[in-house]
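A.B. asks: Next one to model:
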Amino acid sequence: MDINRSSHQEHLRHRNQWYSVTAILAVGVTASVSRPGFASRTNVPPGSVVSAQGIYLPGIAVPERIAQLAAGPETSGVLGDRGEAIAWGWNNNGQAMPPTMALSHIDFGLEFGVGLGSDGIPVCWGDNSHGQCEPPTVALQDVRAGYYHLVGLNMSGQLVTWGNAAFGLNSPPSGTFTAVAAGADFSVAIRTDGSIACWGKNSHGQCNSPDGTGFVAVAAGDLHSLALRQDGSIVAWGSNFFGESNPPRGAHVAIGAGYLFGAAIRADGTLTCWGLASSGQCDPPKGAFVALEVGSTHGIAQRTSGGIACWGPTSSACIIPNGPYVEIAAGWGYGLARRADGDVVAWGKNDFGQCDVPSGPFVAIGAGYWHALGIRPDGSVQCWGDNTFGQCDARTGAFAKVAGGDRYSLAIRADGSLACWGDNTDSQCDVPPGRDFVAIDAGENHAVGLRSDGSIECWGNPLPAAVCEGLDGTYIDVAAGGNHTVALTTEGEIVCGGG
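C.D. replies: From the prediction side, this is the model:
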């Protein structure tokens, strides 16, 4: 069976990878976009995580009072009751950075975001490759984003579309409507008489909508659609590779559709999911909920108590903001971030459990290739993930800093001396003597340390002469890559050694 989404599928596959040292903790970033039709974002909160690979975690908490949830393919967001929008997750085109203006509604497409101003006029931010960020200057009561297209309802209930014009997406049916939904390359709407209309790509029958009336809500996934009847029953059509078009029986109050799976809130407030379950998207949290939104492989829901829960893969879209963040660490295809309260969050690849962070506070963190480690408040080291070479067999005692290499771990003891465990094939664990180390980092097969006098030590393979060539000055920090070393001078200059 063919369930590929052509170029979209390949794009989604790589979005949460986090490679080496390519992330920063923002200390007051200002960003703006000046193209017509775009909204501008300013003052990225201090303590936010910003990655060159497209990850954004705002260094603030979600609003206490939430008016709306939103979920894009790999971006999540909330709208506070004062119109403040906060988003997080995949951000390669700035889609997770909504404007600071007050909004009345938000939604996310593949690499862009859309919102409605207090006057109902749509604003957009992020990718504009298909004109999706060139909205009409007409007041809307609702708007929904597909991969590259948008559909909205004007104040008279008529459909308004823009963005990708393929598959007839910008040729909606006439008449008046009460609800809309946007799938990957198609749209669904409910007419005022309660019947359903659908238009756009119909490769898997996702636009073969059911006859009849009495529908009150619709949801559009990548290849299938859902509708909710007045009696709370769910009707589905389109692809059915994993049972995504076989919804459960019973009464429901809300529905959502993602990539080959569906989700709903039952009449008693509990969540239910069906369809593809390979990434945890069908393992919803327990409890009672009042609102639901679904991305490609994740879901986000609001509890009756007001809190937010998310489920699905270990992606950044499922990390509910509760910043600021004070430390980050990057492994191969995954990342860690430590909050001010010591809580650690993780996202990305989880083949060896490297994103299954133990509960409880940490005072420092480190990330290796497929393993991660942290220091507890009592100075002890705890490690999780791959342990094939003993890289998670942490040494005992009190430690001040940790770092993860390819298949080994490195740490500074409380007395300033070094400890190392795991693979030592390239002598990367033959640490230099001394009790004056203040910073460390672990590369692929070599390690570096900074002494209190500002000098740098290198050991392992490639030879220190190669990876530390030219680093003979006085420095205040040091980092190790695969075959190179980066250092920060006392003047704030970044210098690099090795190739």
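
A.B. asks: Which parts of the stretch 301-450 of the chain are helices?
C.D. replies: All residues of the stretch 301-450 of the chain lie outside helices when identified by DSSP state H, counting those that start in this stretch.

A.B. asks: quick one: the strands in it?
C.D. replies: Counting by DSSP state E, counting those that start in this stretch, the stretch 301-450 of the chain has strands at residues 308-311, 325-330, 334-339, 344-348, 364-367, 371-375, 381-385, 399-404, 408-413, 418-422, 437-442, 446-451.

A.B. asks: Not counting its own residues, what contacts the first one?
C.D. replies: Going back to what we said before, that points to strand 308-311. Contacts with strand 308-311, where a contact means C-beta atoms under 8 Å, 6 or more residues apart in numbering, come from 62, 66, 69, 76, 78, 280-281, 283-285, 287, 289, 298-303, 317-320. Glycine gets a C-beta too; all of them are placed from N, C-alpha and C.

A.B. asks: picking up where we left off before, indicate which one of the strands of the stretch 301-450 of the chain is closest to Gln230.
C.D. replies: strand 308-311 (27.5 Å; C-beta to C-beta).

A.B. asks: Sheet partners, orientation included, of that closest one?
C.D. replies: Strand 308-311 has these partner strands in its sheet, going by DSSP bridges: strand 299-303 (antiparallel).

A.B. asks: Report the mean per-residue pLDDT for the strand it pairs with.
C.D. replies: Averaging pLDDT along strand 299-303 yields 97.

A.B. asks: so where's this protein uncertain?
C.D. replies: 1-43, 52-53, 462-465, 498-499 (pLDDT under 70).

A.B. asks: what are the pairing partners of the helix or strand hosting Ala197, and which direction each?
C.D. replies: In this assignment (DSSP states H and E), Ala197 forms part of strand 196-200. Strand 196-200 has its sheet partners listed here by DSSP bridges as strand 186-191 (antiparallel).

A.B. asks: what about the partner strand, distance to the chain center?
C.D. replies: 28 Å (C-alpha atoms, centre = their mean, to the nearest Å).

A.B. asks: ok, now stretch 451-470?
C.D. replies: 36 Å.

A.B. asks: So which bits of stretch 121-132 are buried?
C.D. replies: Pro122, Val123, Cys124, Trp125, Gly126, Asp127, Asn128, His130, Gly131, Gln132 (16 or more other C-beta atoms under 10 Å).

A.B. asks: OK, contacts around Val273?
C.D. replies: Careful, residue 273 is Cys and not Val. Phe261, Gly262, Ala263, Ala264, Gln281, Cys282, Asp283, Pro284, Gly299.

A.B. asks: and the closest residue to the fifth one other than its chain neighbours, how many neighbours does it have?
C.D. replies: Spatial nearest neighbour of Gln281, excluding adjacent residues (C-beta to C-beta, 6 or more residues apart in numbering): Gly312 at 4.6 Å. Counted with other C-beta atoms under 10 Å, residues neighbouring Gly312 total 26.

A.B. asks: ok so, going back, which one of the strands of the stretch 301-450 of the chain lies closest to Phe167?
C.D. replies: Sorting those by C-beta to C-beta, the top spot, which is the nearest, belongs to strand 308-311 at 30.9 Å.

A.B. asks: now that closest one, how far from the centre of its chain.
C.D. replies: With C-alpha atoms, centre = their mean, you get 13 Å for strand 308-311.

A.B. asks: my guess is Asp343 contacts Ile365, does it?
C.D. replies: No. Using C-beta atoms under 8 Å, Asp343 is not in contact with Ile365; the gap is 10.9 Å.

A.B. asks: In the stretch 51-200 of the chain, what residue spans correspond to strands?
C.D. replies: Under DSSP E, counting those that start in this stretch, the stretch 51-200 of the chain gives strands at 55-57, 66-71, 75-80, 85-90, 103-108, 112-117, 122-126, 140-145, 149-154, 159-163, 177-182, 186-191, 196-200.

A.B. asks: Which among those is found nearest to Trp370?
C.D. replies: Across the strands of the stretch 51-200 of the chain, closest to Trp370 is strand 55-57 (C-beta to C-beta), at 18.7 Å.

A.B. asks: strands paired with that closest one, and their directions?
C.D. replies: Strand 55-57 has these strand partners (DSSP bridges): strand 49-51 (antiparallel), strand 85-90 (antiparallel).

A.B. asks: In a markdown table: these, plus mean neighbour count.
C.D. replies: As requested, these are arranged in a markdown table below (neighbours: other C-beta atoms under 10 Å):
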| stretch | mean neighbour count |
| --- | --- |
| strand 49-51 | 24 |
| strand 85-90 | 26 |
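
A.B. asks: Include distance to Ser174 when you put those into JSON lines, please.
C.D. replies: Converted to JSON lines, the strands paired with strand 55-57 look like this (distance: least, C-beta to C-beta, whole Å):
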{"stretch": "strand 49-51", "distance to Ser174": "45"}
{"stretch": "strand 85-90", "distance to Ser174": "32"}
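
A.B. asks: quick revisit: and the two most separated of the buried residues of stretch 121-132?
C.D. replies: Farthest apart among those by C-beta to C-beta are Val123 and His130. That separation is 17.0 Å.

A.B. asks: picking that back up, pretty sure the residue nearest to Gln281 contacts Val294?
C.D. replies: No. Counting by C-beta under 8 Å, Gly312 stays clear of Val294, with 9.1 Å between them.
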